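K.L.:
sequence first, then the predicted structure:
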Amino acid sequence: MKVFVNGKNIRVFNGAKALDAMLSYYKSLHTATPNPMPQIKDRYGNLIEPDGSLSPGIHIFIVESENPNNYE
């Protein structure tokens, strides 16, 4: 299934969760996964939980924050 993370086309397996897409995104960039994990939001700015479902073609955004515990 094709999804978009920060505008980048990422392929994930059917049934993948938001966390799976985020991990695939960092792997495609050849960078380490941040710890703690950043927030994930949809195109409208709504927070998506790491175990949130994805649908084909969805656009999600990784929000790297100075304060990872700052849930707006």
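P.N.:
Arrived safely. Numbers count the residues shown, from 1 in each chain.

K.L.:
okay, which residue is most central for this structure?
P.N.:
residue 22 (3.7 Å; CA atoms, centre = their mean).

K.L.:
okay, and that one sits in which element?
P.N.:
helix 18-28 (DSSP states H and E).

K.L.:
who are the packing partners of that helix?
P.N.:
strand 2-5, strand 8-11, strand 39-42, strand 59-63 (3 or more CB pairs under 8 Å, 6 or more residues apart in numbering; DSSP states H and E). C-beta coordinates here come from the backbone N, C-alpha and C atoms, glycine included.

K.L.:
now with 7 Å?
P.N.:
strand 2-5, strand 8-11, strand 59-63 (3 or more CB pairs under 7 Å, 6 or more residues apart in numbering; DSSP states H and E).

K.L.:
which of those has the highest mean neighbour count?
P.N.:
strand 2-5 (a mean of 18; mean count of other CB atoms under 10 Å).

K.L.:
paired strands for it, with orientation please.
P.N.:
strand 8-11 (antiparallel), strand 59-63 (parallel) (DSSP bridges).

K.L.:
select, out of those, the one closest to residue 33.
P.N.:
strand 59-63 (10.5 Å; CB to CB).

K.L.:
and the angle from that closest one to helix 18-28?
P.N.:
Angle of strand 59-63 versus helix 18-28, following axes from the mean of the first three to the mean of the last three CA atoms, to 10 degrees, is 70 degrees.
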